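[1] Build me a model from this:
(2 chains)
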Amino acid sequence: MSPARPDAGPARTPAGPPGARPALAPLPVRGPSLLRRLHDRGVIVLCYLAAAVVILPLVLIVGQLLVKGLAGLNLAFFLHLPKPVGEPGGGVANAIVGTLILIAIAALIAVPVGVGTGLYLAEYGHGPFGGMVRYTADVLAGVPSIVVGVAAYGLVVVPMGRFSAIAGGVALALLMLPTIVRSTDEVVRLVPRSYREAALGLGAPRWRTIHSVVLPAAAGGVVTACLLALARAAGETAPLLFTALGSRFWTTALDRPIASLPVYIYDYARAPYEDWNRQAWSAALVLLLIVTVVSALLRLTTRRIARP
Amino acid sequence: MGVAPAVTAPGAPRRLAGRGGAWRRWLSPDEVHRRALALCALSVFAVVVLIVAETTRGAWPALHEYGGRFLTGTAWDPVAEKFGALPYLYGTLVTSAIALALALPLGVGSAVYLAEIAPRAVGDAVSFLVELLASIPSIVYGIWGMFVLAPFLRSIVEPWLIAHLGFLPLFRGYPFGIGVLNAGIVLAIMIVPTIVSISREVLLAMPRTLREAALALGATRAEAIGVTLDAARPGILGAVILALGRALGETMAVTMVIGNSNHISASLLAPGATMASVIANEFTEATSSLHLSALVAIALVLFAFTVVVNWFARLLVLWATGGRRDVAGAA
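    Got it, this is the predicted structure:
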């Protein structure tokens, strides 16, 4: 219990003012009844327990991943291609490179459009059009990733005639877009008005003001938001299942199916071979390290900057 | 300002007023820049319209063929081209309900701990861990549910449930480990961070005077917390509904642990399937165009579901926190 928060005092005896109206006896003030004290203790203990139970899975999952995944991690795992069934060994080199390629495509699409939209919303988006775009960004944020995959299938895979890295990148870009838009909007709006007024007062046109003064001032937040969105997209599986599809070979062609770490884990975890399952655990550990460590570091650094 | 006479002012105003001024203004860097940004914004809007249009177009053959029976039919047989999505609607609702039943008390309890009981530093540290839990990719939850949680349920929890609560239809059957219960538990773990972090923000946004007034009237700490919770109810409800939206659409983890059966079973121990999991499972293997269309139709229904749920949740959180979009958008 923190000392800053006073408990409901149990038994205060109000001392009557000396000499004034002695006829009134001091009111007997009793603390809360036993039942209420028990209720108080019980509720607080339950809250402690709830917090412990919520943290427990984090410990269990990370612990299991380390136990089961660490054994299979060696240099070869990072450098080799998947081996055919029955041959031991093999690695995730193509899946790691594939994930990087997919993320790069997604970033190329989502970062410019997202930051541009965020800037528009923060600087000009006060009218009905701004409100409409903000609302659609919120809708897009809530669309399940599998639905985004279905839409990307219809919009990219079917016209192209085949599964491809581009289709996967587009699907991931759709998932990243709302996060980037919303964070840019928030961060740019935090830039003090006086910055804009100073730049405009010095004679800079509005576009110069936005690009040379406002955007640099907000750059830290915008970059963090983009990287967080990228990290989250790197762990997505569902939208890749029928866009990038996956591959067991070394592919870097953008118009062909491409491997990715999450899809590799999905395939290897469901395979009926113990060796493959072990490799799925190792790959999951790699993915967790990439995604969670990146987002943890980002959150820690921004926390220090952003907290007033 | 004000010292130089207006005569020395640059000719800009005159030029604007002169012939061709409108064109010049239209081509001025400021306007071009604004329009370029507006184009980005328009494309975000267009993308959402495209997604809706594409799923609707893809779903049309199935919806046209089956109409209302698509949502009420219980048979899903791609070979006989019979498509009724009720088993998946049912699976989605049941797994989400289990997840909420588990995550709601735990999430609100820990939010209360983090906002009202724990010292600020501890609250911040634990919230950070909870956010970390939210950043774990869903496939990692899936592999954990499949290889760790499922054997645990199969060997310990489910036999116990069958032995002691087997008189309820909910807990009849065989301990598979994989099934609706497993999916519900994994979903609960996945959505609890949403409930915790938003509820904590909502509780922290409540005026301190509420608690102080309750304490001054002689309430115990728990009773004072009750007063704050009462005031925060709409916001917490919003957090819970936002979490529900996430549970409805969650795909990979559920697909890996639910067992993928298209039968409706009263037992929580039996395998099932959700709307998202059936799409993930069958989309690449769909051979007939009607099958594909039926899966897209499920995607459309899921989309509509989540949009309505999220819209409702956002409204509640906005209302409860006095218009702080950052909290509403936290999830």
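[2] Let me see the contact set for residue A:244.
    Shown in contact with residue A:244 (Cβ atoms under 8 Å, 6 or more residues apart in numbering or on different chains): A:98, A:102, A:163-165, A:167-169, A:171, A:257-258, A:260, A:263. For glycine as for every other residue, the C-beta is placed from the backbone atoms N, C-alpha and C.
[3] So in the chain, which helix runs the longest?
    By default, I'm working from chain A. Criterion DSSP state H: the longest helix present in chain A is helix A:34-70.
[4] wait, chain B
    helix B:29-66.
[5] Can you list the helices and strands that it packs against?
    Helix B:29-66 is packed against helix A:93-124, helix A:128-142, helix A:145-152, helix A:165-190, helix A:206-208, helix B:289-320, with contacts defined by 3 or more Cβ pairs under 8 Å, 6 or more residues apart in numbering or on different chains; DSSP states H and E.
[6] can we see that at 6 Å?
    Helix B:29-66 sits against helix A:93-124, helix A:128-142, helix A:145-152, helix A:206-208, helix B:289-320, with contacts defined as 3 or more Cβ pairs under 6 Å, 6 or more residues apart in numbering or on different chains; DSSP states H and E.
[7] State the helix or strand in which the nearest residue to residue A:168 once chain neighbours are set aside lies.
    If the residues on either side of it in the chain are set aside, residue A:168 comes closest to residue A:244, at 2.8 Å by Cβ to Cβ, 6 or more residues apart in numbering or on different chains. Here residue A:244 sits in a region with no helix or strand, counting by DSSP states H and E.
[8] And residue A:244, how far from chain B?
    As for residue A:244, its distance to chain B is 12 Å (criterion: Cβ to the nearest Cβ, to the nearest Å).
[9] and the contacts of residue A:244 as TSV, adding neighbour count?
    Below are the contacts of residue A:244 laid out as TSV (neighbours: other Cβ atoms under 10 Å in any protein chain shown):
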residue	neighbour count
A:98	27
A:102	32
A:163	24
A:164	22
A:165	27
A:167	31
A:168	35
A:169	28
A:171	31
A:257	23
A:258	32
A:260	33
A:263	27
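[10] any bit of the longest helix of chain A sitting next to chain B?
    Yes - for helix A:34-70 and chain B, the contact criterion (Cβ under 6 Å from any Cβ of the partner chain) is met by A:36, A:39-40, A:43, A:46-48, A:50-51, A:53-55, A:57-58, A:61, A:64.
[11] Would you mind listing which of those are buried?
    Buried members of those, scored by 16 or more other Cβ atoms under 10 Å in any protein chain shown, are A:36, A:39-40, A:43, A:46-47, A:50-51, A:54-55, A:57-58, A:61, A:64.
[12] Can you tell me which of those lies closest to chain B?
    residue A:50 (2.8 Å; Cβ to the nearest Cβ).
[13] and the residue lying closest to residue B:158 once chain neighbours are set aside, how far is that from residue B:290?
    Nearest non-adjacent residue to residue B:158, counting by Cβ to Cβ, 6+ apart: residue B:175, 3.5 Å away. Distance, residue B:175 to residue B:290, using Cβ to Cβ, to the nearest Å: 37 Å.
[14] pLDDT (mean, whole number) over the helix or strand that comes right after the longest helix of chain B?
    Going down the chain from helix B:29-66, the next helix or strand is helix B:69-72, by DSSP H and E. Averaging pLDDT along helix B:69-72 gives 88.
[15] need the strands for chain B, in chain order.
    Assigned by DSSP state E, the strands in chain B fall at B:76-77, B:82-83.
[16] among the ones you listed, which is the most enclosed?
    Most buried of those, by mean neighbour count (mean count of other Cβ atoms under 10 Å in any protein chain shown): strand B:82-83, with a mean of 18.
[17] what sits up against it?
    If you take Cβ atoms under 6 Å, 6 or more residues apart in numbering or on different chains as the criterion, strand B:82-83 is touched by B:75-76, B:294.
[18] In TSV: the strands of chain B, plus mean pLDDT.
    Formatted as TSV, those follow (pLDDT from 0 to 100):
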stretch	mean pLDDT
strand B:76-77	88
strand B:82-83	88
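[19] Now do the contacts for residue B:85.
    Neighbouring residues of residue B:85 by Cβ under 6 Å, 6+ apart: B:70-71, B:298.
[20] Sorry, slip of the keys, the one I care about is residue A:53.
    Taking Cβ under 6 Å, 6+ apart as the contact definition, residue A:53 lies against residue B:106.
[21] For it, give me the pLDDT.
    At residue A:53, the model reports a pLDDT of 93.
[22] now do residue A:308
    32.
[23] For residue B:272, which of the strands of chain B is the nearest?
    strand B:76-77 (12.1 Å; Cβ to Cβ).
[24] Sheet partners, orientation included, of that closest one?
    Applying DSSP bridges, strand B:76-77 is found paired with strand B:82-83 (antiparallel).
[25] tally of neighbours for residue 125?
    I went with chain A, as the question did not name one. Residue A:125 is flanked by 22 other residues according to other Cβ atoms under 10 Å in any protein chain shown.
[26] Sorry, I should have been clearer: chain B.
    For residue B:125, the count of nearby residues is 13 (other Cβ under 10 Å).
[27] Between the buried ones among the residues of helix A:34-70 next to chain B, which has the least confident prediction?
    residue A:58 (86).
[28] and the nearest residue to it once chain neighbours are set aside, how many residues sit next to it?
    Nearest residue to residue A:58 in three dimensions, chain neighbours excluded: residue B:133, at 4.7 Å (Cβ to Cβ, 6+ apart). For residue B:133, the neighbour count with other Cβ under 10 Å is 23.
[29] mind checking pLDDT for residue B:133?
    So, for residue B:133, pLDDT stands at 86.
[30] any idea how far residue A:62 is from it?
    In terms of Cβ to Cβ, residue B:133 sits 10 Å off from residue A:62.
[31] and if you look at residue B:193?
    Residue B:193 sits 14 Å away from residue A:62, going by Cβ to Cβ.
[32] Which of the two has more residues huddled nearby?
    Taking neighbours as other Cβ under 10 Å, residue B:193 and residue A:62 compare with residue B:193 leading, 27 against 18.
[33] for that one, what are its contacts?
    B:130, B:133-134.
[34] Could you rerun that using 10 Å?
    Residue B:193 makes contacts with A:54, A:58, B:103, B:107, B:110, B:127, B:129-136, B:243, B:246, B:330-331, as judged by Cβ atoms under 10 Å, 6 or more residues apart in numbering or on different chains.
[35] Check residue B:156 too.
    Residue B:156 sits in contact with residue B:175, where contact means Cβ under 10 Å, 6+ apart.
[36] could you pull out the helices for the stretch 151-300 of chain B?
    B:158-165, B:180-205, B:208-216, B:221-231, B:233-249, B:252-257, B:275-282, B:289-320 (DSSP state H, counting those that start in this stretch).
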